[in-house]
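A.B. asks: A predicted structure for the sequence below; I have some questions about it.
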Amino acid sequence: MATEERVTIRDVAAQAGVSAATVSRVLSGKYRVPPETRSRVLRAVRTLDYVANVHARALVGGGRKLVAVILRQVTSPFYAQVAEGIEAEAAAQGWLCLVGATGGDPRRETEVIQLMREEGARVVILVGGIVEDAAYRKRVTRYAQTLDAAGSRLVLCGRPSPDPGLPALVVEFDNEAGARAATTHLLSAGHRRIVFLGGLPGNTAMDARVAGYRAALAAHGLPPEAAHVIDCGLGRTAGMRAMTALLADGPRFTAVFAGDDMVAAGALRAIADAGLSVPGDLSVVGYNDIPLAEDFGPPLTTVRTPAEELGRAAVDLALREPRELPGTCHVLATHVVIRNSVGPPRAGRTR
């Protein structure tokens with residue numbers, strides 16, 4: 001029985017008028033290739049229906065119906081909710097979902113994206129705030145361009161694009177407006193000495209929250225020096241350690257705005273360990289409204305971010321035809337959820 005002759009990388013090279021090594025460079029996405037050369041190679045791949053591997057199948061438009069989601073960590077309640085939304089929307093539209101975690105390591109992120117491309121993922125979603133330095137901008141530019149050349153889409157979920165001209169979709173929520181609303185809630189309760197706990201300089205999400213916090217203070221007539229930002233990073237341990245240090249000499253503030261709910265959890269524990277109460281002695285607000293926030297002691301006032309909706313929107317927009325897109329950037333709203341962790345300043349601590 002005769003077997004069908006398979007198109008080889010040399011056939012693609014001959015069709016494109018380049019070397020086999022150049023074809024390999026284009027398909028790997030790891031090397032810089034002139035745009036004109038890349039276009040010729042990809043055109044030859046499609047013309048010859050070159051399907052030597054899964055990666056090539058994606059390039060010619062025959063990749064599997066896979067959505068890849070890449071997270072910093074899978075244990076974070078916020079990331080887990082976003083991933084749940086991505087999985088739910090992908091399943092509803094008949095697509096499969098692959099999840100990868102990077103631990104915040106840029107090299108691992110690159111490796112995971114390369115793996116997802118080789119597996120034929122036609123949508124790659126990067127989730128969560130990031131420190132937007134020159135290395136990150138260069139990295140994301142490379143991701144966007146190589147995925148676009150392969151017929152795949154990059155979606156930045158919960159972070160802005162470093163360049164509006166990149167072939168990438170952005171789905172995020174208004175971090176600054178949420179932080180401004182949370183700070184305003186504390187100010188409306190009578191607080192004037194409010195600490196922001198959880199700063200992470202350079203991180204796109206946290207910088208926006210700090211900006212909203214500062215804007216609310218300014219809108220209420222407070223001078224710039226009234227802002228007190230503690231750059232302790234995120235997570236329960238960071239929040240507990242930073243709050244313990246702040247309380248060591250007695251609190252010189254009446255309220256805490258935590259950068260996220262896990263920082264708030266650590267702060268609540270440190271306040272309790274110091275023999276103080278919330279909201280009797282100190283008021284606390286968080287950010288994200290993770291499922292456990294209403295079970296904290298006391299239930300936490302926080303900013304609800306549409307985490308699951310964010311994930312659903314990322315998939316929904318990525319699977320639309322370009323002419324159906326409402327634009328390359330889609331911003332979701334946030335709102336404050338009022339519970340029992342905020343009260344008026346205790347007498348004697350209002351100045």
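C.D. replies: Arrived safely, thanks for sending.
A.B. asks: Now do the strands in the protein.
C.D. replies: With DSSP state E as the definition, the chain shows strands at residue ranges 66-71, 96-101, 123-127, 153-157, 168-173, 194-197, 228-230, 255-258, 283-288, 301-304, 329-332, 335-337.
A.B. asks: how far does stretch 127-142 stretch from start to finish?
C.D. replies: 17 Å (Cα to Cα, to the nearest Å).
A.B. asks: cool, and stretch 275-292?
C.D. replies: End to end - Cα to Cα - stretch 275-292 spans 23 Å.
A.B. asks: So which bits of that stretch are buried?
C.D. replies: 278-279, 281-290 (16 or more other Cβ atoms under 10 Å). All C-beta atoms are positioned from the backbone trio N, CA, C, and that covers glycine.
A.B. asks: Can you redo those as a markdown table, where the extra columns are pLDDT and distance to residue 160?
C.D. replies: A markdown table is the format used below for the buried residues of stretch 275-292 (pLDDT from 0 to 100; distance: Cβ to Cβ, whole Å):
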| residue | pLDDT | distance to residue 160 |
| --- | --- | --- |
| 278 | 97 | 34 |
| 279 | 97 | 34 |
| 281 | 96 | 38 |
| 282 | 97 | 33 |
| 283 | 98 | 31 |
| 284 | 98 | 28 |
| 285 | 98 | 24 |
| 286 | 98 | 23 |
| 287 | 97 | 18 |
| 288 | 94 | 18 |
| 289 | 95 | 22 |
| 290 | 92 | 23 |
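A.B. asks: which among the residues you listed gets closest to residue 177?
C.D. replies: Nearest to residue 177, judged by Cβ to Cβ, of those is residue 287 at 12.0 Å.
A.B. asks: just to revisit the earlier point, looking at the buried residues of stretch 275-292, which is nearest residue 174?
C.D. replies: Relative to residue 174, and with distances defined as Cβ to Cβ, the nearest of these is residue 287, at 12.1 Å.
A.B. asks: can you tell me which residues contact the closest one?
C.D. replies: Contacts for residue 287 were tallied using Cβ atoms under 8 Å, 6 or more residues apart in numbering; they are 178-179, 182, 209, 257-261, 264, 302-303, 305.
A.B. asks: Now distance to residue 41 too, for the strands of the chain, in CSV please.
C.D. replies: Converted to CSV, those look like this (distance: least, Cβ to Cβ, whole Å):
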stretch, distance to residue 41
strand 66-71, 23
strand 96-101, 26
strand 123-127, 21
strand 153-157, 20
strand 168-173, 22
strand 194-197, 51
strand 228-230, 50
strand 255-258, 51
strand 283-288, 44
strand 301-304, 47
strand 329-332, 31
strand 335-337, 49
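A.B. asks: how near is residue 77 to residue 207?
C.D. replies: 22 Å (Cβ to Cβ, to the nearest Å).
A.B. asks: Surely residue 19 and residue 12 touch.
C.D. replies: No - between residue 19 and residue 12 there is no contact, the gap being 10.6 Å when judged by Cβ atoms under 8 Å.
A.B. asks: Those two: which has the busier surroundings?
C.D. replies: Taking neighbours as other Cβ atoms under 10 Å, residue 19 and residue 12 compare with residue 12 leading, 27 against 13.
A.B. asks: Could you measure from residue 254 over to residue 265?
C.D. replies: Taken as Cβ to Cβ, the span from residue 254 to residue 265 is 20 Å.
A.B. asks: I misspoke; the intended subject was residue 163.
C.D. replies: For residue 163, the distance to residue 265 - Cβ to Cβ - is 36 Å.
A.B. asks: ok, now residue 149?
C.D. replies: For residue 149, the distance to residue 265 - Cβ to Cβ - is 44 Å.
A.B. asks: repeat for residue 44
C.D. replies: In terms of Cβ to Cβ, residue 44 sits 56 Å off from residue 265.
A.B. asks: neighbour-wise, which of the two wins?
C.D. replies: residue 265 (24 against 21).
A.B. asks: check contacts around the most centrally placed residue in the chain.
C.D. replies: For the chain, the residue nearest the mean C-alpha position is residue 128 (1.4 Å; Cα atoms, centre = their mean). Going by Cβ under 8 Å, 6+ apart, residue 128 touches 71-72, 78-79, 82, 157-159, 205.
A.B. asks: Helices along the stretch 1-150 of the chain, start to end?
C.D. replies: 9-16, 20-28, 35-48, 54-59, 77-92, 106-118, 134-149 (DSSP state H, counting those that start in this stretch).
A.B. asks: Pick out the shakiest of the ones you listed, pLDDT-wise.
C.D. replies: Mean pLDDT is lowest for helix 54-59 out of the helices of the stretch 1-150 of the chain, coming in at a mean of 47.
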